[in-house]
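[1] Based on what follows, work out the 3D shape:
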Amino acid sequence: MNELELLLERWANFYLITSAAASTLIGLLFVVIALASERRVDVEGTATKIRVYLTPTVVYFASVLGIAALLTFPNHTRLSATLCICLVGVVGLIYSGCSLIGSDKKSYYERHDVITYAVFPFAAYGFLVLGGVLLLHDTERGLTFVAVGMLSLLTIAIRNSWAIAVEVVSTRPGQKGP
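    This next block holds a predicted model:
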């Protein structure tokens, strides 16, 4: 076994826990969607807001799940692990960057929403890319940066999921959104 395989084996429980959390929370988001549809939320109000905010949240959970799955592949080399991590990280940077500069700012209802839905994720994906690059030179430090990026995305997605759930339950059935 090479150094990378030994380190990835030591990180296996971390990847298992984060991927289980991400996949479970993706499932719970479907429950929130079902609750929102049952409440017959106004299409132009809260439902639109939920649609705008739900997609990035699912992307963040899916990124955590994807990284965890990719890093549990057997027989990784430093290059293959770096490519897997950087691929997810760069796609996430592009996605977050487009949210920052290319999106319709009217879809984000408050300034802090831009920060939590675009700026923080951009930084988290940056940690992933940095960790992937560091993996080539310092395996342990690289995997630590990847873990920080994964935990950041998971934390951001949990916060955003909570905000969506609160929005759904705080709107009375048939009430127009804010």
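
[2] which residues in this structure form helices?
    3-10, 12-38, 46-71, 78-101, 111-114, 120-137, 139-170 (DSSP state H).

[3] I'd like those as JSON lines, with mean neighbour count and mean pLDDT appended.
    From N, CA and C alone the C-beta is placed, and that goes for glycine too. Below are the helices of the chain laid out as JSON lines (neighbours: other CB atoms under 10 Å; pLDDT from 0 to 100):
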{"stretch": "helix 3-10", "mean neighbour count": "14", "mean pLDDT": "88"}
{"stretch": "helix 12-38", "mean neighbour count": "15", "mean pLDDT": "87"}
{"stretch": "helix 46-71", "mean neighbour count": "20", "mean pLDDT": "84"}
{"stretch": "helix 78-101", "mean neighbour count": "18", "mean pLDDT": "90"}
{"stretch": "helix 111-114", "mean neighbour count": "13", "mean pLDDT": "70"}
{"stretch": "helix 120-137", "mean neighbour count": "20", "mean pLDDT": "95"}
{"stretch": "helix 139-170", "mean neighbour count": "19", "mean pLDDT": "90"}
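
[4] Grab the CA positions of stretch 9-18 and hand them over as CSV.
    What follows is stretch 9-18, C-alpha atoms only, in CSV (Å, rounded to 0.1, in the frame of the first residue of the first chain):
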residue,chain,number,x,y,z
GLU,A,9,-8.2,4.4,4.5
ARG,A,10,-7.7,6.6,7.6
TRP,A,11,-10.2,9.1,6.2
ALA,A,12,-12.8,6.4,5.2
ASN,A,13,-15.0,7.0,8.2
PHE,A,14,-15.1,10.7,7.5
TYR,A,15,-16.2,10.1,4.0
LEU,A,16,-18.8,7.7,5.1
ILE,A,17,-20.2,10.1,7.7
THR,A,18,-20.3,13.1,5.3
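
[5] Tell me how far that stretch lies from the chain's centre.
    17 Å (CA atoms, centre = their mean, to the nearest Å).

[6] same check, this time on stretch 146-158
    7 Å.
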